[in-house]
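Enquirer: just need the structure, nothing else, for what follows:
(chains A and B)
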Amino acid sequence: MAIKLPPVDVAVIGLGAAGGVAVLPLARAGLKVAAIEAGAWLDPRSFRPDEINNNIRGWPDSVQKANREIPTVRLGPSLPTLPRTSVHPMMNAVGGSSLHYWAQSWRLNPFDFQTRSRAIARYGASAIPAGSTLEDWPLTYDDLEPYYDLVEQEIGVSGKAGNIQGVIHPQGNVFEGPRRREYPMPPLRSTGFTDHMAAAAKQLGWKPFRPPAAINSEEHRGRAACVFHGYCSRGGCHINAKNSTAVTTIPEAMKTKQLSVFDRAQVTRILSGADGRVTGVQYLRNGSEYFQPARAVLLGSYTYENTRLLLLSKSKAYPKGLSNNHGQVGKHYFGHWVSYGNGGVLALFPFDLNVWYGTPAQGMVVDEWADDNYDHTGLGFIGGSNLHVFNEMHPIQSASMDTFGRTPAWGSRWKSFVHENAARWTAAHVQTSSFPYEENFLDLDTEVRDPLGDPVCRITCGPKDNELRAVAFAQKKMEQWFLAAGAIQVVRRPMSPPGVSTHAYGGTRMGDNAETNVVDRWGFSHEAPNLGVLGASVMGTSGARNPTQTVQALCWRTAEHLIKNWKSIAV
Amino acid sequence: MSSNFRRVRLGISDGGIYTVAVQKPLSISRRSIFTTAPLIPLAALSAAPDSGFSPAQLRLVEAFVDRLIPSDENGPGARESGVAIYIDRSFAGPLADEKPALLKGLASVDAFARSTQNGPLAELLPDKQDAVLTAIENNDAPGFTPDSRTFFYRMRQLAFEGMFGDPFYGGNRGFAGWDLIRYPGPRMAVSSEEQKLREPIKKLRTSARPASNGVNHGH
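Expert: Next up, the predicted model:
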């Protein structure tokens, strides 16, 4: 029998990049918050420059609940399930994947919030991709701007503004929406490689800039500046210079004494009453089962688990899963089309690039071909791509390089090739606007189960012409950039649709229409009034850049809405 | 893991009946020291310092990876670098679940070597070994699941992990792998001088996990 705990005001499921931000305004407002996190507190001493531990085995010393519930993937409803990966790209820990992410901390472009209406206005109704369920967001960039600003200040973001209240600053991203002020820290330092790429971009008439990063470029709030040791990708920071929620908003929230953190605790169900309101969450910890009653619940366990937990949490009021009486949970799913590594644009140079060290956010970016920053007339797609070149290369990754058709993949000739070229290649990170479609969705797998016996999430997501064309267009631009920089060979690899992704969107989409969306414009369920959802699962478009800061801005806004409307929501 | 759980039905709250899993009492064993059984990684459960392969299997693995990364004028190969030890330890520990599939593949390698070159891979001359590996890479060898090319590239991936991973895990002996690709080595802080185009970077050769502080064996 579950052990019933004393009630709290708010139960937050998942204390990662999303929940870890939402707890701060809640705790500061004096609400009693219980955060329930499947992973453990990790210590900076466990963050080693160790590619096998971090990148190959996916943190085996940590508590990796995610690895036991990796979603299955198929490209269409009638197509077979693909071979399953063994390591989930997200991690469980206090701070979640903000511990080991690339820390690229972007605001979306204003176009991303109103893609449907703006694309129709500029190109006509036929521009909307066939079969898509694209809607405008129920809020604009300007609505979210104050929350972007709060997050940048609270977690600490380095970067160079390109548009401060309408005044353009050419050293920053001139295509960004207007921001109220400069970033709290200057951008991360450039490197020989990124300076070289910037010069090539300028030759092409483009406007390169250093991207924003949730990484300290200088000492910030008592934490050290980045030392660029080169194990940031899927690696935690040994000096706390990466601004994960574990070293920023969570400790701040704990100072209020209003936040209790239950780590190594796996939420199994969200419970709801006959009136349709949620009553609390059920979880396993140390082999015992607990029930945590709460007056409001915020679900922030990442896109796949958000959908899965809702679908598993059936009750009399919700026979098809919590908040799913309109059948929208799991719908409007999409993984971000990201051209990178062996699916991306690879370049071989005739000299050492020396990109071993640093961090991926220590890069150079071009936004000319992103969003709606150029005329798409006649191109056959909407949306665009952020072109990003960067530092950090690990030894196994480096040796696994494409052979550019110049050598066999093994043996003495291969050894000679990698001896010369392992330091001379790189892959661009090309992120492309992605959209939801009728045929792409999440549901529960009919065969594969986790160790508790619950079905895992199933991804059904196939290729779509709009994204394929957009990626192909961007790959050509990227090739042009590499060649201008003196690459001797560029390979544009074919794209496959995104599978289990760190940029996974939808499933609990946000919108005013309850017939097509799970949560309202504030992030609260259209059906269960005291249930909020945190994370990219509420986003209806991806834009051409990393989701985390938008997720965090939305979290802050959802938490603030709960605080301001506490009496009506919590009853 | 699922045998550690039994299904029960609990009535909780006023929302209806929920089926949940609770943990069975665990028998007393090495595993019982982990009190958070539902949440511990499989890798930790199966960690054991024992050898994962028989001597014959180990010779076969070593012969295979040593043709992928042979000793030559560009430095030591997989054999001197301990790549087979890395693979052996991996399958004794974190990759234990994959071991049956790997052993099946290895058996198919030897069956193919015997049928085409009249001997097990480890006993063939290098050019005959290369002929066997080439056929496997090109999907020209029968008896593999799903196909021989998939098995070849799995072995290649494992060989690269052993050759270029941290020496703590048993391979990359003498940092031979890092020397091969001219990786300057992990360091805890990096200056802008070490991020310049073209300029040689001073080589540092240390493990991120010095063996002296390790009580486990690289799992």
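
Enquirer: can you map out the helices along chain B?
Expert: Read by DSSP state H, chain B holds these helices, from start to end of the chain: B:42-46, B:55-68, B:78-81, B:83-92, B:99-117, B:126-137, B:148-164, B:176-181.

Enquirer: do chain A as well
Expert: Secondary structure of chain A by DSSP H: the helices cover A:19-28, A:51, A:110-113, A:115-123, A:141-151, A:192-203, A:249-255, A:303-312, A:395-399, A:412-421, A:465-484, A:548-564, A:566-570.

Enquirer: mind listing what's buried in the last one?
Expert: Spelled out, it's helix A:566-570. Applying a neighbour-count criterion of 16 or more other C-beta atoms under 10 Å in any protein chain shown, the buried positions in helix A:566-570 are A:566, A:569-570. To be clear about C-beta, it is placed using only N, CA and C from the backbone, and glycine gets the same treatment.

Enquirer: closest one to chain B among the helices of chain A?
Expert: Relative to chain B, the nearest member of the helices of chain A by C-beta to the nearest C-beta is helix A:192-203, separated by 3.4 Å.

Enquirer: does the closest one reach chain B?
Expert: Yes: counting by C-beta under 8 Å from any C-beta of the partner chain, chain B has neighbours in helix A:192-203: A:192-193, A:195-196.

Enquirer: export those residues to a markdown table and tack on neighbour count and pLDDT?
Expert: Below are these laid out as a markdown table (neighbours: other C-beta atoms under 10 Å in any protein chain shown; pLDDT from 0 to 100):
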| residue | neighbour count | pLDDT |
| --- | --- | --- |
| A:G192 | 20 | 98 |
| A:F193 | 26 | 98 |
| A:D195 | 15 | 98 |
| A:H196 | 20 | 98 |
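
Enquirer: and the gap between A:L271 and A:K314?
Expert: Here the criterion is C-beta to C-beta, to the nearest Å. By it, A:L271 lies 10 Å from A:K314.

Enquirer: which of the residues of helix A:192-203 next to chain B sit farthest apart?
Expert: Of all pairs drawn from the residues of helix A:192-203 next to chain B, the one with the longest distance (C-beta to C-beta) is A:F193 and A:D195, at 7.3 Å.

Enquirer: hang on, the earlier thing: show me which of A:L271 and A:K314 is the more surrounded one.
Expert: With other C-beta atoms under 10 Å in any protein chain shown as the criterion, A:L271 and A:K314 differ in neighbour count, and A:L271 comes out ahead with 24 against 20.

Enquirer: helices and strands of chain A: which one bottoms out on pLDDT?
Expert: Within chain A, judged by mean pLDDT, DSSP states H and E, the helix or strand with the poorest mean is strand A:337-339; its value is a mean of 84.

Enquirer: just checking, what packs against that strand?
Expert: Contacts defined by 3 or more C-beta pairs under 8 Å, 6 or more residues apart in numbering or on different chains; DSSP states H and E place strand A:337-339 against strand A:429-432, helix A:465-484.

Enquirer: which one is A:N513 nearest to, not counting chain neighbours?
Expert: Once flanking residues are discounted, A:N513 sits nearest to A:E135: 7.7 Å by C-beta to C-beta, 6 or more residues apart in numbering or on different chains.

Enquirer: so that neighbour touches A:G540, yeah?
Expert: Yes: distance between A:E135 and A:G540: 5.7 Å, which falls inside the contact criterion (C-beta atoms under 8 Å).

Enquirer: any regions of the stretch 1-150 of chain A where pLDDT drops low?
Expert: Judged against pLDDT under 70, the low-scoring parts of the stretch 1-150 of chain A cover residues A:63.

Enquirer: get me the contact residues on it for chain B.
Expert: Of all the residues in the stretch 1-150 of chain A, those in contact range of chain B (C-beta under 8 Å from any C-beta) are A:1-2, A:38, A:48-52, A:56-57, A:60-65, A:67-68.

Enquirer: rerun at 7 Å
Expert: Residues of the stretch 1-150 of chain A found near chain B (C-beta under 7 Å from any C-beta of the partner chain) are A:1-2, A:38, A:48-52, A:56-57, A:60, A:63-65, A:67.

Enquirer: cool, the stretch 251-400 of chain A as well?
Expert: Listed as neighbours of chain B in the stretch 251-400 of chain A under the rule C-beta under 7 Å from any C-beta: A:264, A:266, A:268-269, A:271-274, A:279, A:282, A:284, A:286-287, A:289, A:291, A:315-317, A:351-354, A:356-358, A:391, A:395-396, A:398-400.

Enquirer: so A:F441 makes contact with A:G327?
Expert: No: in terms of C-beta atoms under 7 Å, A:F441 does not count as a neighbour of A:G327; the distance is 10.4 Å.

Enquirer: which residues in the stretch 251-400 of chain A form strands?
Expert: In chain order, the stretch 251-400 of chain A shows strands spanning A:259-262, A:265-272, A:278-285, A:288-299, A:334-335, A:337-339, A:345-348, A:363-366, A:385-390, with DSSP state E, counting those that start in this stretch as the criterion.

Enquirer: could you identify which of those is most buried?
Expert: With neighbours taken as mean count of other C-beta atoms under 10 Å in any protein chain shown, those reach their highest mean count in strand A:385-390, at a mean of 28.

Enquirer: how many residues are close by A:G96?
Expert: A:G96 has 28 neighbours, counted by other C-beta under 10 Å.

Enquirer: just for chain A, where's the confidence low?
Expert: Counting by pLDDT under 70, chain A contains low-confidence residues at A:63, A:342.
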